[in-house]
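S.K.: need a structure here:
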Amino acid sequence: MVKIVTKWAYLEPLLYAGEALHLEEVSKKLKKNHSAVRKYLNYFEGQGILNKKIKGRLTTYNINLSHPLIIDYIVLVEKEKLVNKCRTDLIINELVGFLHSLINENNKALIFGSSAIDSKKANDIDLLITGKINFEKDLKLFEKKFNIKIHLINTSSLESINESLRKEITGKHLIIQGSEEIIKWLI
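M.R.: Presented below is the predicted three-dimensional model:
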């Protein structure tokens, strides 16, 4: 299956990096050639979405968190990431559809850990949902149907999550619901 790549995907390695990344690092993470990546990074820098620093021959980029629409841009990247994963991973696709039918507008939900990268290789699916839920029995049925273990963390709010878990989530995640609030919490 062909992976659909739009310009927003070129921002993904920079989203939660915490530091400026060199063009080579971004290219390596995207598995794209330098010239294509440079073209898009320069475009985003021209739009004010990225900051660019040149020190000799070293050019680095980082997300411009002070851009007034940065959360909106990151939401686009995160939604595209989720849709692409659902296209290529049947279990994630089924779980996302299942959760959309059960969670309410007050819940935030995301998949994190190794299952956000490849559910076939993961031992289980780590799922974080904030707010009250009443579908634990449905989750058990889902586990049985797809022969996969779901590790559910249900908490009252994102703020109640400890820093080490937040860092783990930052590294590997798929946001299902509550994108803006989750992104603000992650950055």
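
S.K.: Asn104: what's it in contact with?
M.R.: Gly131 (C-beta atoms under 8 Å, 6 or more residues apart in numbering). Using the backbone N, CA and C atoms, a C-beta is placed for each residue, glycine as well.

S.K.: would you double-check that it falls in a strand?
M.R.: No - read with DSSP: H, G, I helix; E, B strand; the rest coil, Asn104 is coil and lies in no strand.

S.K.: just the CA atoms of the helix ranked longest in the chain, as PDB, please.
M.R.: Secondary structure of the chain read by DSSP state H shows that its longest helix is helix 70-88. In PDB, the C-alpha atoms belonging to helix 70-88 read as follows (Å, rounded to 0.1, in the frame of the first residue of the first chain):
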ATOM      1  CA  ILE A  70       0.500  26.500  15.900                       C
ATOM      2  CA  ILE A  71      -2.000  24.300  17.700                       C
ATOM      3  CA  ASP A  72      -4.200  24.200  14.600                       C
ATOM      4  CA  TYR A  73      -1.300  23.200  12.500                       C
ATOM      5  CA  ILE A  74      -0.300  20.400  14.900                       C
ATOM      6  CA  VAL A  75      -3.900  19.200  14.900                       C
ATOM      7  CA  LEU A  76      -3.600  18.800  11.100                       C
ATOM      8  CA  VAL A  77      -0.400  16.700  11.500                       C
ATOM      9  CA  GLU A  78      -1.900  14.600  14.200                       C
ATOM     10  CA  LYS A  79      -5.200  13.900  12.400                       C
ATOM     11  CA  GLU A  80      -3.300  13.000   9.200                       C
ATOM     12  CA  LYS A  81      -1.100  10.600  11.300                       C
ATOM     13  CA  LEU A  82      -4.200   8.900  12.700                       C
ATOM     14  CA  VAL A  83      -5.900   8.600   9.400                       C
ATOM     15  CA  ASN A  84      -2.800   7.100   7.700                       C
ATOM     16  CA  LYS A  85      -2.400   4.600  10.600                       C
ATOM     17  CA  CYS A  86      -6.000   3.600  10.300                       C
ATOM     18  CA  ARG A  87      -5.500   3.000   6.500                       C
ATOM     19  CA  THR A  88      -2.600   0.600   7.200                       C
END
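
S.K.: which residues touch it?
M.R.: Residues lying outside helix 70-88 but in contact with it, judged by C-beta under 8 Å, 6+ apart, are 1, 3-4, 6, 8-9, 11-12, 15, 49, 63-64, 67, 92-93, 96, 116, 174-176, 179-180, 183-184, 187.

S.K.: would you show me how to pick out the buried ones of these in ChimeraX?
M.R.: Here is the ChimeraX command that picks out the buried ones among the contacts of helix 70-88, judged by 16 or more other C-beta atoms under 10 Å:
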select :8,9,11,12,15,49,63,64,67,92,93,96,116,174,175,176,179,183
